[in-house]
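# Next input, structure requested:
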Amino acid sequence: MEVILQENYPSLGYVGDRVSVKGGFARNFLIPRGIAVEASMRNERLLKHRLQHIIAKRIRMRSEAEAFAKQLGETRLEFTLKMSDGGKSFGAITSRDVEAGLKAKGIEVDRRQIRLTETLRKAGDYQVAVKLHAEVSAMVPVKLIAEINEPKAAKDGGKELKKGKGRRSAKKTEGEEAAPAAETPADTE
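The predicted structure is shown next:
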């Protein structure tokens with residue numbers, strides 16, 4: 001069955017292309033979803049008329065996407081990532097984090113448009129791609145800063161203190177005897 005595409009469909013072709021597909025695929029999928037119409041002289045004339053509007057709209061959307069890409073390219077994001085002494089990171093920067101960072105700067109981008117080629121787990125400078133249009137992508141510079149967590153022993157000066165509520169330690173220190181245990185009201189009766 002021959003159909004004329006009303007929308008771009010990557011595996012078949014572009015708007016206005018006349019393609020041959022199986023009848024069931026056309027009747028059950030392409031035509032009901034408005035992706036294609038049955039090939040006829042009338043449909044071809046109507047589509048050519050609409051194609052002028054579609055092309056004008058596509059050109060306008062591409063120019064808007066290019067202007068937005070320029071704005072995104074000038075936006076710089078910085079994230080702090082906690083790391084251990086050995087250089088292992090606790091977590092990673094994902095597309096959700098990039099989306100939240102852009103939103104904080106007043107730029108609305110859908111998370112599904114952000115293309116991360118690798119997980120961002122190490123400190124450094126990265127370029128994150130944002131797909132704005134079929135033909136336009138923007139590169140957003142992202143800088144990861146490592147925040148190294150020191151072990152607790154180093155923070156406390158090597159002392160590890162355990163504190164309890166109102167309890168005394170039974171350990172003896174030099175020149176001091178262990179304090180007797182406090183009496184409870186049940187012992188005095």
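# Please make it C-alpha for all contacts and neighbour counts, starting now.
OK.
# which regions of the protein lie under the pLDDT threshold?
Applying pLDDT under 70 to the chain flags residues 150-189.
# what's stretch 52-63 in contact with?
Contacts to stretch 52-63, defined as Cα atoms under 8 Å, 6 or more residues apart in numbering, come from residues 133, 135-136.
# Can I get the buried part of these as one PyMOL selection?
To isolate the buried members of these in PyMOL, using 16 or more other Cα atoms under 10 Å:
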select buried, resi 133
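# so of the contacts of stretch 52-63, which ones are in strands?
Using DSSP state E, the subset of the contacts of stretch 52-63 located in strands is 133, 136.
# Dump the contacts of stretch 52-63 to CSV, plus distance to Leu46.
Converted to CSV, these look like this (distance: Cα to Cα, whole Å):
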residue, distance to Leu46
His133, 26
Glu135, 26
Val136, 29
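# Doesn't Ile55 belong to a helix?
Yes. The assignment for Ile55 by DSSP: H, G, I helix; E, B strand; the rest coil puts it in a helix.
# Tell me how many other residues crowd it.
The local packing of Ile55 (other Cα atoms under 10 Å) involves 12 other residues.
# how much space between it and Ala134?
Using Cα to Cα, to the nearest Å, Ile55 is found at 14 Å from Ala134.
# Then Arg50?
To Ala134, Arg50 is 20 Å away according to Cα to Cα.
# which of those two has more neighbours?
Taking other Cα under 10 Å, Arg50 and Ala134 do not tie; Arg50 has more neighbours (13 against 9).
# which element follows the helix or strand hosting that one toward the C-terminus?
Assessed by DSSP states H and E, Arg50 sits inside helix 41-74. As assigned by DSSP H and E, the chain's next helix or strand after helix 41-74 is strand 77-83.
# So which residue is smack in the middle of the chain?
Ser95 (1.0 Å; Cα atoms, centre = their mean).
# distance of that one from Lys22?
39 Å.
# try Ala36
Distance, Ala36 to Lys22, using Cα to Cα: 13 Å.
# okay, the two: which has more neighbours?
Neighbour tally, Ala36 and Lys22, criterion other Cα under 10 Å: the higher count belongs to Ala36, 25 against 10.
# give the contact list for that one.
Ala36 sits next to 3-7, 26, 30 when contact means Cα under 8 Å, 6+ apart.
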